[in-house]
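Asks: any chance you could fold what I've pasted below:
(2 chains)
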There are 2 protein chains.
Amino acid sequence: MSETFNPTTRSKARRKADRAAYDEASVYAVLDAAVLCHVGYVLDGEPFVTPTTFWREGRKLYWHGSAASRMIRAQGPGLPVCVTVTHMDGLVLARSGIAHSMNYRSVMAFGTARMVEGLEARREAMSAFIDRLYPDRSAELRPALDQEIKQIGLVEMTIEEASAKSRSGGVNGTDLDEDWNAWSGVIPVATVIGARQADAVRSAGASSSPSLDLYLPGARLDEVLAVAHKI
Amino acid sequence: MSETFNPTTRSKARRKADRAAYDEASVYAVLDAAVLCHVGYVLDGEPFVTPTTFWREGRKLYWHGSAASRMIRAQGPGLPVCVTVTHMDGLVLARSGIAHSMNYRSVMAFGTARMVEGLEARREAMSAFIDRLYPDRSAELRPALDQEIKQIGLVEMTIEEASAKSRSGGVNGTDLDEDWNAWSGVIPVATVIGARQADAVRSAGASSSPSLDLYLPGARLDEVLAVAHKI
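Replies: This is a model prediction of the structure:
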């Protein structure tokens, strides 16, 4: 039984409410199929949207950057953020312009970003990030040096509110459109994994790690990430 | 000879300046390869990031939504926004956690979003959007009714400042990593077009439109969009 994020005016969908969901299962399904998010925050009253990789543990989202980066420094002491994740699933072509649409899955998650302090906490979190993407990979890697961990600014955000929105399926045209002859339907799109490019120097002789077995050429990245998250 | 966006503290990259560019050619190359952007704005001091489709004409970006949507209504009279576009090109796996990275191309564009007034201006802009994605398609479509155009909230933003950032290429490991045996290299990812799903009802007997010839199964969406933008 999935818990629900209680929407306020901040996260409640005003329009197309049939496309919106607020339960953890719906929100996490979108988040866990992604590694890229767009973090929105306000500096001196101005909006900024920074793309970054992220991961989820329970109701917490994590991302990191250089401890010297503007975003990380601004978020260090605690800064309200909106983290948005979007999967584009298809282009919907109708016989009238207004009925053209996009199939997608998205989440807007609201909370306060804060820096995670402590070398060990950051070290463990970075290993958790690696293992979340590539199961058990962190054990195969050269351990991080303290001075490397010190360069990392790690931010965590507890999701206070979140809403998931999606559109799927075919064309919603009107009867008026039926007299027109333009091709109508859906052009699916998906982010797909390509052929691995081994590092010529460092991977000479290295066998592909079991932690990468999910990343097969032609596989959908969203499906791979969703599976990896459960391992 | 490409014009340059003059960066201020708002858009100037503080870190990895070698990954940043401010010239129109670099910025437009990222924007024109995308149809999805993330629009950041501030309401009551809180950040919001809304994913939406967009298009570019010169230094102007356009997006639309229901005239009743919160984002569109808030931006109507003029609202500062940050429009961010990100292409994910690959996962970079090193032999130390800290050297893991992502290959990407992104743009942050800053300006003030404003509602476009006037039925005809909105009608022409919506046709321009269709034709930007699907060359000459608008002529194949049932013309929009006035009451349909009235439902559309069209927003334009002149890019005041923009910066492009990207990372490409292979692994940047350290000598320390070379003693470790984990597989190291790049796992490319790309958003790819799938097999078309014709609308069973309305597309019965309809031949695929020439406006869709670019959208071949297996083609990269970013490359298709970049080509379509030049037609």
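Asks: how about the CA coordinates for the helix or strand of chain A with the lowest mean pLDDT, as PDB?
Replies: None of the helices or strands of chain A scores lower by mean pLDDT, DSSP states H and E than helix A:70-75, at a mean of 87. C-alpha atoms of helix A:70-75 as PDB (Å, rounded to 0.1, in the frame of the first residue of the first chain):
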ATOM      1  CA  ARG A  70      27.400  27.900  -7.200                       C
ATOM      2  CA  MET A  71      24.500  25.600  -6.900                       C
ATOM      3  CA  ILE A  72      26.000  23.500  -4.200                       C
ATOM      4  CA  ARG A  73      27.200  26.500  -2.200                       C
ATOM      5  CA  ALA A  74      23.800  28.100  -2.500                       C
ATOM      6  CA  GLN A  75      22.100  25.000  -1.300                       C
END
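Asks: check whether that helix contacts chain B.
Replies: Yes - Helix A:70-75 lies within reach of chain B by Cβ under 8 Å from any Cβ of the partner chain, at A:Arg70. Placement of C-beta: from N, CA and C, glycine included.
Asks: name the helices or strands packed onto that helix?
Replies: Packing partners of helix A:70-75 (3 or more Cβ pairs under 8 Å, 6 or more residues apart in numbering or on different chains; DSSP states H and E): strand A:36-43, strand A:46-57, strand A:60-66, strand A:101-115, strand A:152-158.
Asks: how about the ones you listed in a markdown table, adding mean neighbour count and mean pLDDT?
Replies: Formatted as a markdown table, these follow (neighbours: other Cβ atoms under 10 Å in any protein chain shown; pLDDT from 0 to 100):
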| stretch | mean neighbour count | mean pLDDT |
| --- | --- | --- |
| strand A:36-43 | 24 | 97 |
| strand A:46-57 | 22 | 97 |
| strand A:60-66 | 20 | 93 |
| strand A:101-115 | 21 | 97 |
| strand A:152-158 | 20 | 95 |
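Asks: which one of the ones you listed lies closest to B:Leu36?
Replies: B:Leu36 lies closest to strand A:101-115 among the helices and strands packed on helix A:70-75, at 7.7 Å (Cβ to Cβ).
Asks: average pLDDT across the following helix or strand past the closest one?
Replies: Counting by DSSP states H and E, the element after strand A:101-115 in chain order, helix or strand, is helix A:119-133. Helix A:119-133 shows a mean pLDDT of 95 in the predicted model.
Asks: can you get me a residue count around A:Asp131?
Replies: 18 (other Cβ atoms under 10 Å in any protein chain shown).
Asks: what of A:Leu119?
Replies: Neighbour tally, A:Leu119, other Cβ under 10 Å: 12.
Asks: and the contacts of the least confident helix or strand of chain A?
Replies: A:39, A:41, A:43, A:48, A:50, A:52, A:64-67, A:81, A:113-115, A:153, A:155, B:14 (Cβ atoms under 8 Å, 6 or more residues apart in numbering or on different chains).
Asks: one more time with 10 Å
Replies: A:39, A:41-44, A:48, A:50, A:52, A:63-67, A:69, A:79, A:81, A:112-115, A:152-157, B:9-10, B:12-15 (Cβ atoms under 10 Å, 6 or more residues apart in numbering or on different chains).
Asks: okay, now the sheet partners of the following helix or strand past it, with direction.
Replies: Per DSSP H and E, the first helix or strand lying C-terminal to helix A:70-75 is strand A:79-93. Looking at strand A:79-93 with DSSP bridges, its partner strands are strand A:36-43 (antiparallel), strand A:101-115 (antiparallel), strand A:185-193 (antiparallel).
Asks: tell me the angle strand A:79-93 makes with strand B:46-57.
Replies: Interaxial angle, strand A:79-93 versus strand B:46-57 (axes from the mean of the first three to the mean of the last three Cα atoms, to 10 degrees): 40 degrees.
Asks: send the alpha carbons of strand A:79-93 over as CSV?
Replies: In CSV, the C-alpha atoms belonging to strand A:79-93 read as follows (Å, rounded to 0.1, in the frame of the first residue of the first chain):
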residue,chain,number,x,y,z
LEU,A,79,17.5,26.3,0.0
PRO,A,80,14.0,25.5,-1.4
VAL,A,81,14.2,23.6,-4.6
CYS,A,82,11.9,22.0,-7.2
VAL,A,83,13.4,18.9,-8.7
THR,A,84,11.8,17.9,-12.0
VAL,A,85,12.3,14.7,-13.9
THR,A,86,10.8,14.1,-17.4
HIS,A,87,10.8,11.1,-19.6
MET,A,88,9.7,11.8,-23.2
ASP,A,89,7.9,8.7,-24.6
GLY,A,90,6.4,9.9,-27.9
LEU,A,91,5.3,12.6,-30.3
VAL,A,92,1.6,12.6,-30.9
LEU,A,93,0.5,13.8,-34.3
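Asks: average pLDDT for that strand?
Replies: 97.
Asks: right, and the helices and strands packed on helix A:70-75 - which one's nearest B:Ser127?
Replies: Closest among the helices and strands packed on helix A:70-75, using Cβ to Cβ: strand A:101-115, at 16.3 Å.
Asks: angle of that closest one against helix A:119-133?
Replies: 160 degrees.
Asks: what's the neighbour count on A:Gly185?
Replies: 22.
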